[in-house]
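Trainee: any chance you could fold what I've pasted below:
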Amino acid sequence: MYEDDEKLKSIIHNAKILNLNVNEIKVLYCIHKAGEISQRDIERRADLRQSEVSLAIKHLSLMEMLNCDSIQNAVKGRPQKYYSLKKSMMDYFSAINKQKENEWIMVKLALDDMGQQFAD
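Mentor: Here you go, the predicted model:
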């Protein structure tokens, strides 16, 4: 990870409070900091296993947050994939904000209903 990165520690702390996927946040942070980065470099910097990074990338891709470019190395083997952000981080947080607002509405309705049930 980025050594002594207090900003990331704060981001992870807030992600936990918001019940967000911390691995996805770490992956987003790595891509945001690097601009463009390989999956292997994300694994190292985020201190995550390959499967954790793959799952986070898959979900972020479904959210249409990532660009993926394949680059063939000079040596044999499969092309290496490099990831960059398709949308701004503010777009991501706007989507999360909307999701959390909807969740809060559902919680409020359930609490109101529960209170009404006890009042009857």
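
Trainee: excluding chain neighbours, what is closest to the most centrally placed residue in the chain?
Mentor: Centroid check for the chain by CA atoms, centre = their mean gives residue 24 as the closest residue, at 2.8 Å. Excluding the flanking residues, the one nearest residue 24 by CB to CB, 6 or more residues apart in numbering is residue 56, at 4.5 Å. For every residue, glycine as well, the C-beta is placed using N, CA and C.

Trainee: roughly how far apart are the one you found and residue 64?
Mentor: The gap separating residue 56 from residue 64 is 15 Å, by CB to CB, to the nearest Å.

Trainee: these two: who's more crowded?
Mentor: Neighbour count, other CB atoms under 10 Å: between residue 56 and residue 64, residue 56 has more, with 24 against 11.

Trainee: just checking, that one is part of a helix?
Mentor: Yes: membership of residue 56 in a helix is supported by DSSP: H, G, I helix; E, B strand; the rest coil.

Trainee: and the gap between it and residue 89?
Mentor: Per CB to CB, residue 56 is found 15 Å from residue 89.

Trainee: contacting residues for residue 87?
Mentor: Applying CB atoms under 8 Å, 6 or more residues apart in numbering, one finds that residue 87 lies in contact with 64, 65.

Trainee: how about a cut-off of 10 Å?
Mentor: 63, 64, 65, 66, 67, 94, 95 (CB atoms under 10 Å, 6 or more residues apart in numbering).
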